[in-house]
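Engineer: Sequence and predicted structure are below.
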Amino acid sequence: MSAAALSIRGLRVEYPLEDGRVVAAVDGLDLEIAQGEIHALVGESGAGKTTVGNALMGLLDAPGRVAAGRVAIAGRNVDFRTGRAAGIVQGRDVGAIFQDPMTSLNPLFTVESQIGETLRFHLGLDREAARARALDLLRAVGIPEPERRLKAYPHQLSGGQRQRVVIAAALSCDPKLLVADEPTTALDVSVQAQILDLVRALVRERGLGVLLVTHNMGVVAEIADRVTVMRGGKVVESGKVADVLTRPKHAYVQGLVAAVPRIDKRLARFATIGDETAGAQAARDDLRTRYMRPRAEKVPDAILEVANLTVEYGSGSLLGLGRKGGFRAVDDVSFAVKRGEIFGIVGESGSGKTTVANAVAGLVRTAAGTIRFAGQAIGEKRPRALRGAMQMVFQDPYASLNSRMRIDDALAEPMLFHGVAAGRSDADARIAMLIEAVGLAPDAGRRYPFAFSGGQRQRLSIARALAAEPQLVVCDEPTSSLDVSVQAQILNLLKDLRDATGLTLLFISHDLAVVRQMCDRVAVMQGGRIVELADCDTLFADPQHAYTKRLLSLVPNVARIGNRLEPTGASP
Amino acid sequence: MTRIPKSVAIAGAIAVALIATALLAPWVAPADPTDIASYNLIDSELPPSFVAGGEARYFLGTDNQGRDLLSAILYGARVSILIGGGAVALAALLGVTLGLVAGYFGGWLDAVIMRVGDVILSLPTILLALLVSGLARALIPNAASASWAPFILIGAIAIHEWVQYARTVRAATMVEVQREYVRAAKVIGLPPLRILGRHILPNVMSSVLVIATINLAGAILTEATLSFLGVGMPPTYPSLGTLIRIGNEFVFSGIWWIAFFPALTLVIGVLAVNIVGDWLRDRFNPKLRSLA
């Protein structure tokens, strides 16, 4: 009977505050990971899941400390006072994979020295032996042409290859336990699928225990055996993945699972509770009456027509006088958006989807093609009225509000600039209504952005986009940096606002499930081109292009959990 | 709010006290050293009152023309601080404006501004200031007079110092321009000047204030050096540097106080401002802040 790869009993991690009080980031965690088992630790920001991973690797930030609890790795107890344990050494017996493969490799080291360093330090191998071992490891993680890659520097590798190197380095000393902190969050779905396959295969081969820290329920469903859900440092629910995800007992977990966008079928709205103030619906009704009034004259069916759009990025010369030319980010893209619809553009990183959004919003210069808004051709220089008619919501809620500007000033600016409000007092009344319409209390206007959470800031960004009373709002990954429950709230809000105002949304996302829930029509982009454009339901039910089919097959999917687990789960 | 270290508190208090008394010199000084009628050659080169041979009227003694040294130092510090502050303000105004423009618009405008800055930085501060004040004296008939000299000094110092502001602000602006709140402002359609003034400027100001504090000490020193070299303030309207130059001629005759007390004031003032500036720099540097 071999010992568990990891056993945690009553772990408590504390952060002392300046005034002498103590915050428990992790409070009373029990966890057991058998060899060959993948245990997922999920939760939203602030749940303490990453703190657990850091504590195991001895990477707790300075004032934080393990206040109580026993941790044993492969049967040997870890002594937190010394940072390392009797016979257990971080890097040898615990391997770590971090979120961003860009930053977890030293850019000045070749692959050989990254992996070789660990081998020579921990196992005392000489240069030749270390190289042979590194080569084996690279083969094991499936890097093509491993001999050549040994000499490569991180920047010469793709994101997926980098993450494979990180995994190879983590495995180099045959650890018993692998701590993977959001290992695929920074990767595209196709690369994510490969890395997840790799981890699963390695676990089976080597009898590794894996602690998988993630916020992505799809990833959990895809590869984990057991799952522990944390909230505010405490365990909410723990058990087999199939049980927890399909029949959650705790209300919080039920809400969390319900908030995960499904790719298999479209729901009218996400099930969320208590995320809005009472006045939100009434304020949206006010908004509706406002929007009904000016809608006038001949309204063309297509509000936005993009024809043969091409955008190129050039590299500047020393004097900044260099000629344009070089990388073609968007290549001959054409599509039309109908008034009142939500039009989605999906693609992996580098597909050009964000560049299309920027071109539509007038933030980048186009090399060729035309953009027509409400029948009128527009370039980079636009008349003021057109500017106001087209607004944008950005990805990062922490960067999209000016931290030195009060919320009501930030909202008043577009109103006054575009003459939507007659004066400051008129603007203030509208601001109060808008803030309520996005589900916040009206006194939010008197505060600065730092007083708000990420989700609240995103609501305020949406309010600012609506302040100019636009007809089209470009949403560039509006929920990609939000927790899944907050994401559900924001997506619901966008739908409600669309229904209230008849807005048209151009919705850019890398998340196929989100697009499935939000959009009426979808364009799939790859390498700067649209490869498929179809009705949302049609696209997901019957994809035509090979790339679309591949993308859809790779999305980690909570709904697929039955297919994967039931055959084996039938005989427990 | 984190606690302020004791050394910084003391330095801050000294800097504030020095600046306050200097600015209030006409009201706190025992005599007016710029008023020729108020002093007499008979009283010249008297030692400080606490030294044998000193007179109680002159606490720090008198200079070679019989001026009360304490008053001369207070008035001199006032001149030094006004010129230093003026130079810093002019340099910051110029540098911040050019840095914002270079960072926001990029392209040839950025290239021209930054290459001009590079050329200026390749010349030593003092050399450039000598060149500028030399040119000014050649072009303006009474440039050496008390009414013109301060402005020429301010210009001579600022012409070198603005580059540092421009570089810092340009780099910060290039970062801010990529951030989404600036892109949102562009989508709203706000004109560039408004985006620069209302959105970007407040977000790059903290680093400017830090540089300004540190540069204030440097600018006061540069002014003192220029006056010491004889191209600064005239002897009839002395700055600290002018006083040190005058005193320098008498040091070897045993008349040490004329150079010593202005120099001591300068050292203490510059040190105090520097300590505060260094602390501010560390405070506003997020990388260092977490270590404090």
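Structural biologist: That came through, no problem.
Engineer: which SSE is the residue in the stretch 1-150 of chain B positioned nearest to chain A in?
Structural biologist: Residue of the stretch 1-150 of chain B nearest chain A, by CB to the nearest CB: residue B:111 (4.4 Å). Yep, even glycine has a C-beta here, placed from its N, CA and C like the rest. Using DSSP states H and E, residue B:111 falls within helix B:107-121.
Engineer: average pLDDT across stretch A:270-277?
Structural biologist: The average pLDDT for stretch A:270-277 rounds to 66.
Engineer: Near chain B, which residues of the stretch 251-400 of chain A are found?
Structural biologist: By CB under 8 Å from any CB of the partner chain, the residues of the stretch 251-400 of chain A that approach chain B are A:319-321, A:361-363, A:382, A:384, A:387-388, A:390-392, A:394-396, A:399-400.
Engineer: Pull out the buried residues from these.
Structural biologist: A:320, A:361-363, A:382, A:387-388, A:390-392, A:394-396, A:399-400 (16 or more other CB atoms under 10 Å in any protein chain shown).
Engineer: For the residues you listed, point out the one with the lowest pLDDT.
Structural biologist: The minimum pLDDT among those falls on residue A:320, with 44.
Engineer: For residue A:147, which residues are in contact?
Structural biologist: residue A:135 (CB atoms under 8 Å, 6 or more residues apart in numbering or on different chains).
Engineer: tell me the pLDDT at the residue of the stretch 51-200 of chain B found nearest chain A?
Structural biologist: Going by CB to the nearest CB, chain A is nearest to residue B:189 of the stretch 51-200 of chain B, at 2.8 Å. Confidence at residue B:189, expressed as pLDDT, is 85.
Engineer: Tell me how many other residues surround it.
Structural biologist: Neighbour count for residue B:189, taken as other CB atoms under 10 Å in any protein chain shown: 22.
Engineer: quick one: it and residue A:389 touch, right?
Structural biologist: No: Residue B:189 is beyond contact range of residue A:389, at 9.8 Å (criterion: CB atoms under 8 Å).
Engineer: Give me every residue in chain B lying close to chain A.
Structural biologist: Contact residues (CB under 8 Å from any CB) of chain B with chain A: B:106-108, B:110-111, B:115, B:179-181, B:183-190, B:198-199, B:202-203.
Engineer: can I assume residue A:248 is in contact with residue A:259?
Structural biologist: No: with contact defined as CB under 8 Å, residue A:248 does not reach residue A:259; the gap is 11.8 Å.
Engineer: Nearest residue to the residue in the stretch 351-500 of chain A positioned nearest to chain B in space, please, no chain neighbours.
Structural biologist: Minimum separation of the stretch 351-500 of chain A from chain B (CB to the nearest CB) falls at residue A:387, amounting to 2.8 Å. Using CB to CB, 6 or more residues apart in numbering or on different chains and skipping residues adjacent in sequence, the residue nearest residue A:387 is residue B:189, 2.8 Å away.
Engineer: Next, the contact list for that neighbour, please.
Structural biologist: A:382, A:384, A:387, A:388, A:417, A:418.
Engineer: For residue A:341, state which of these is nearest.
Structural biologist: residue A:388 (20.7 Å; CB to CB).
Engineer: end-to-end on stretch A:244-263?
Structural biologist: This stretch, stretch A:244-263, spans 19 Å end to end (CA to CA, to the nearest Å).
Engineer: Likewise for stretch A:440-450?
Structural biologist: Criterion CA to CA; first-to-last residue distance in stretch A:440-450 is 15 Å.
Engineer: near chain B at all, that stretch?
Structural biologist: No: Stretch A:440-450 does not reach chain B (CB under 8 Å from any CB); its nearest approach is 8.8 Å.
Engineer: List the contacts of that stretch.
Structural biologist: So stretch A:440-450 is contacted by A:277, A:279, A:401-408, A:411, A:428, A:431-432, A:435-436, A:452, A:456-457, A:459-460 (CB under 8 Å, 6+ apart).
Engineer: Buried among the residues you listed? Make that a ChimeraX selection.
Structural biologist: Buried members of the contacts of stretch A:440-450, defined by 16+ other CB under 10 Å, are picked up in ChimeraX with:
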select /A:277,279,401,402,404,405,407,408,411,428,431,432,435,436,452,456,457,459,460
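Engineer: residues in contact with residue A:161?
Structural biologist: Listed by CB under 8 Å, 6+ apart, the contact partners of residue A:161 are A:143, A:149.
Engineer: repeat that with 7 Å
Structural biologist: By CB atoms under 7 Å, 6 or more residues apart in numbering or on different chains, the contact list for residue A:161 reads residue A:143.
Engineer: now the helix or strand containing it: how far from the chain's centre is it?
Structural biologist: Using DSSP H and E, residue A:161 falls within helix A:159-171. Remark: helix A:159-171 is offset 20 Å from the chain centroid, using CA atoms, centre = their mean, to the nearest Å.
Engineer: would you put the C-alpha positions of it in CSV?
Structural biologist: Written as CSV, here are the backbone C-alpha positions of helix A:159-171 (Å, rounded to 0.1, in the frame of the first residue of the first chain):
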residue,chain,number,x,y,z
GLY,A,159,3.1,28.9,-26.2
GLY,A,160,2.2,25.3,-26.2
GLN,A,161,5.8,24.2,-26.6
ARG,A,162,6.8,26.4,-23.7
GLN,A,163,4.2,24.9,-21.4
ARG,A,164,5.5,21.4,-22.5
VAL,A,165,9.0,22.5,-21.5
VAL,A,166,7.7,23.7,-18.1
ILE,A,167,6.1,20.4,-17.6
ALA,A,168,9.3,18.6,-18.6
ALA,A,169,11.2,20.6,-16.1
ALA,A,170,8.6,19.9,-13.4
LEU,A,171,8.8,16.2,-14.1
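Engineer: Any buried residues in it, and which?
Structural biologist: A:159-171.
Engineer: could you say what helices and strands the helix or strand following that helix packs with?
Structural biologist: Using DSSP H and E, the next helix or strand after helix A:159-171 towards the C-terminus is strand A:177-181. If contacts are counted by 3 or more CB pairs under 7 Å, 6 or more residues apart in numbering or on different chains; DSSP states H and E, strand A:177-181 sits against helix A:49-56, strand A:94-97, strand A:209-214.
Engineer: Can I get these in a markdown table including mean pLDDT?
Structural biologist: As requested, those are exported to a markdown table (pLDDT from 0 to 100):
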| stretch | mean pLDDT |
| --- | --- |
| helix A:49-56 | 84 |
| strand A:94-97 | 84 |
| strand A:209-214 | 91 |
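Engineer: for these, which one sits closest to residue B:45?
Structural biologist: Comparing the helices and strands packed on strand A:177-181 by their distance to residue B:45 (CB to CB), the top pick is helix A:49-56, with 71.7 Å.
Engineer: Only alpha carbons, please: show that closest one as CSV.
Structural biologist: This file holds the C-alpha atoms of helix A:49-56, laid out as CSV (Å, rounded to 0.1, in the frame of the first residue of the first chain):
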residue,chain,number,x,y,z
LYS,A,49,-7.0,28.0,-4.1
THR,A,50,-3.8,29.5,-5.4
THR,A,51,-2.6,30.1,-1.8
VAL,A,52,-2.9,26.3,-1.2
GLY,A,53,-0.7,25.7,-4.2
ASN,A,54,1.9,28.3,-3.1
ALA,A,55,2.0,26.9,0.4
LEU,A,56,2.8,23.5,-0.9
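Engineer: List the buried residues for the helix or strand that comes right after it?
Structural biologist: Counting by DSSP H and E, the element after helix A:49-56 in chain order, helix or strand, is strand A:65-73. Neighbour counts over strand A:65-73 (16+ other CB under 10 Å) mark A:66, A:67, A:69, A:71, A:72, A:73 as buried.
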